[in-house]
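> have a look; sequence and predicted model below, questions after that.
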Amino acid sequence: MKKRLILNEKKFVEENLLVNGLTDYLYLGDIKLLIKYWRYLGVNDKKDLLLLLSNYLKKFYPYFESLKTIHYQTQILIYKIIGETKSQKLRIPVPVPITEN
């Protein structure tokens with residue numbers, strides 16, 4: 001699995017993940033970005049986040065049935081990611097003006 005540095009997470013999610021699906025099936029880094037993005041949009045309830053994730057996976061992976069059919073360890077990691085993202089913000093670069101001083 002390749003490591004990558006994403007400086008503008010919002011742009012990455014909107015232009016890649018929401019258009020093409022996950023880069024690798026259930027790559028947890030991408031799932032974390034999706035959950036952070038949904039939290040950025042104002043969805044904070046755990047049930048709503050799980051519903052959004054389930055609908056997202058159904059959209060891009062027709063053979064996906066529900067989160068309950070995923071391997072148990074993966075379910076635990078997804079719940080852990082949802083808990084971790086409560087205190088994390090989506091990385092969006094902010095331009096900083098540079099002066100002569």
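That came in fine, so what should we check first?
> in the longest helix anywhere in the chain, which residues are buried?
Counting by DSSP state H, the longest helix found in the chain is helix 46-60. By 16 or more other Cβ atoms under 10 Å, the buried positions in helix 46-60 come out as 49-50, 52-54, 56-57. Backbone N, C-alpha and C define where each C-beta goes, glycine included.
> elements contacting that helix?
Applying 3 or more Cβ pairs under 8 Å, 6 or more residues apart in numbering; DSSP states H and E, we find helix 46-60 packed against helix 28-40, helix 72-84.
> returning to what we had before: turn the buried residues of helix 46-60 into TSV, including distance to residue 34 and pLDDT.
As requested, those are arranged in TSV below (distance: Cβ to Cβ, whole Å; pLDDT from 0 to 100):
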residue	distance to residue 34	pLDDT
49	9	90
50	12	89
52	8	90
53	7	87
54	12	86
56	7	87
57	10	84
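> for the residue nearest the centre of the chain, what are its contacts?
Nearest residue to the geometric centre of the chain (Cα atoms, centre = their mean): residue 34, 1.8 Å. By Cβ atoms under 8 Å, 6 or more residues apart in numbering, the residues touching residue 34 are 13, 17, 52-53, 56.
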